[in-house]
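Undergrad: how would this look folded up:
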Amino acid sequence: MTEIASRSSSPDRAVPKCPNGLFNFPLDSVIVTDPDEEILELYMNLASTSPEIGPHQTDSGGLGFLDSTSSTLDLSLDLTPETGSGSSEAISGKTSTDVPIGHGRRGKNKNSRKVEDKSVDSVEVRIQQDIGMLKGRGGDTGSVLWRSSLHLARLILSQHHHRPPQSPTIINPEFFKKANILELGAGTGLLAILLAPICASYTASDRMENLKLVKRNLELNGLGAAGHTVLPDDSLHRKEKEKKAAKSNGETRLDVRLEEIDWIAVSEETKRQHGRGQSHHAHDGEEELVYDLVLAVDCIYNEHLVRPLVDTLARYCPVGGKTVVWVVVELRSADVLTTFLEAWTSDPSDPWTIVRLGEKGMGRWDGKRARWVGWVAWR
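TA: As a prediction, the model looks like this:
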């Protein structure tokens with residue numbers, strides 16, 4: 001283990017600065033070039049605290065759902081800064097199948113409590129899940145909430161509201177508030193709900209079935225949905241009425257842009273363009289938004305979607321541009337992650353610079369070593 005860590009941190013593989021300044025790479029971050037070496041190190045580290053997980057074993061605890069049995073989740077995230085080697089309980093909540101639909105709560109809790117004489121912000125959110133879609137469509141995993149999304153939201157919001165006094169935040173808050181963000185595989189829309197208020201613009205993408213669920217959850221938590229792909233014919237008129245009503249009440253309604261992105265369709269189009277020696281270009285009348293960050297959280301679980309995902313990352317991360325991608329995944333099946341890293345590091349469209357964020361920067365899960373990995377990359 002020591003030998004592997006030494007090779008990964010060797011001077012000839014020094015981690016460069018983030019090209020758009022969005023990330024501050026922790027000192028224990030490393031460049032990733034060898035998929036087998038990366039996977040071996042990750043799972044040997046994990047096995048030191050979770051002996052049942054090895055390099056070629058699968059987590060018996062499931063895919064990574066928070067709760068795949070309840071149709072509604074009421075969640076409260078205490079944004080308590082981590083201290084030392086542990087952290088306070090970061091996430092609490094109750095699940096219910098009969099909670100009435102209404103406006104969720106977002107932002108600072110009016111009843112902020114004191115912990116060690118420091119004010120602790122909390123964020124409350126209500127998330128609907130589509131249990132029927134999960135069971136009826138044979139693994140439509142985007143219809144329920146995943147643990148890693150919740151932990152990532154807590155990490156970003158905690159550092160946003162409570163900046164570490166002696167070390168930089170993993171994300172530069174001044175850059176983040178100006179960032180245009182695209183999330184691939186938005187699922188239930190939790191990250192869109194919690195992160196949209198602290199960045200310049202947020203686009204949540206998924207297949208059409210899941211975008212309808214995202215739209216419901218946005219509205220449940222007081223946010224609007226922009227984009228023609230999921231709005232009914234009369235929605236524009238209704239949205240204008242809602243905006244006028246909000247304006248008359250002195251309120252500003254925050255919209256999240258929804259976009260249908262089918263990775264398989266993107267991959268097939270990429271193959272056709274490569275066959276013709278072409279690169280992607282916007283269609284006539286298509287508004288081409290350049291993103292600062294492309295976020296993919298727990299999108300790696302099916303080996304048949306690995307190539308389409310890599311092609312989609314490349315589609316929205318132009319060569320030599322300012323865009324970076326952030327791939328976050330809970331460590332479960334090492335075989336699928338190995339397949340992904342092999343495809344990513346050997347992407348024929350153009351070489352990637354891939355940085356694994358250090359464990360110190362990615363934080364811990366409820367005081368324990370985190371079960372995830374975060375890779376930041378650009379071309």
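
Undergrad: What pairs with the helix or strand encompassing Ile354, parallel or antiparallel?
TA: In this assignment (DSSP states H and E), Ile354 forms part of strand 353-356. Here strand 353-356 has these sheet partners by DSSP bridges: strand 30-31 (antiparallel), strand 372-378 (antiparallel).

Undergrad: List the buried residues in that strand.
TA: Within strand 353-356, the residues scored as buried using 16 or more other C-beta atoms under 10 Å are Thr353, Ile354, Val355, Arg356. All C-beta spots, glycine's among them, are computed from the backbone N, C-alpha and C.

Undergrad: just to revisit the earlier point, His160: which of the strands paired with strand 353-356 is closest?
TA: Using C-beta to C-beta as the criterion, the shortest distance between His160 and these is 16.6 Å, found for strand 372-378.

Undergrad: What residues of that closest one count as buried?
TA: Buried residues in strand 372-378, counting neighbours by 16+ other C-beta under 10 Å, are found at Trp372, Val373, Gly374, Trp375, Val376, Ala377, Trp378.

Undergrad: Can you name the residues that contact the second one?
TA: Contact analysis of Val373 by C-beta atoms under 8 Å, 6 or more residues apart in numbering lists Leu42, Val328, Val329, Leu331, Arg356, Leu357, Met362.

Undergrad: How about Leu295?
TA: Ile181, Leu182, Glu183, Leu184, Leu191, Val325, Trp326, Val328.

Undergrad: 10 Å - rerun?
TA: Applying C-beta atoms under 10 Å, 6 or more residues apart in numbering, we find Leu295 in contact with 152, 181-186, 191-192, 195, 202-205, 324-328.

Undergrad: Can you tell me which of the residues you listed are buried?
TA: In terms of neighbour count (16+ other C-beta under 10 Å), the buried residues within the contacts of Leu295 are 152, 181-186, 191-192, 195, 202-205, 324-328.

Undergrad: So which residues of the chain form helices?
TA: Applying DSSP state H to the chain gives helices spanning 2-8, 35-47, 131-136, 147-161, 173-176, 190-195, 208-220, 235-248, 263-275, 306-315, 334-345, 359-362.

Undergrad: Nearest approach to Ser70 belongs to which of the ones you listed?
TA: Ser70 lies closest, by C-beta to C-beta, to one member of the helices of the chain: helix 131-136, at 7.6 Å.

Undergrad: which intervals of the stretch 151-300 of the chain have sub-threshold pLDDT?
TA: The stretch 151-300 of the chain contains residues with pLDDT under 70 at 228-253, 275-287.

Undergrad: can we see that at 90?
TA: Scanning the stretch 151-300 of the chain for pLDDT under 90 picks out 159-169, 209-210, 227-254, 271, 273-289.

Undergrad: With respect to Ser158, which of the strands paired with strand 353-356 lies nearest?
TA: Among the strands paired with strand 353-356, strand 372-378 comes nearest to Ser158, with 15.2 Å by C-beta to C-beta.

Undergrad: okay, the angle between that closest one and helix 306-315?
TA: 50 degrees (axes from the mean of the first three to the mean of the last three C-alpha atoms, to 10 degrees).

Undergrad: Mind putting the buried residues of strand 372-378 into JSON lines with distance to Ala47 and pLDDT?
TA: Shown next, in JSON lines, are these (distance: C-beta to C-beta, whole Å; pLDDT from 0 to 100):
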{"residue": "Trp372", "distance to Ala47": "15", "pLDDT": "92"}
{"residue": "Val373", "distance to Ala47": "14", "pLDDT": "95"}
{"residue": "Gly374", "distance to Ala47": "19", "pLDDT": "97"}
{"residue": "Trp375", "distance to Ala47": "20", "pLDDT": "98"}
{"residue": "Val376", "distance to Ala47": "25", "pLDDT": "98"}
{"residue": "Ala377", "distance to Ala47": "26", "pLDDT": "98"}
{"residue": "Trp378", "distance to Ala47": "31", "pLDDT": "98"}
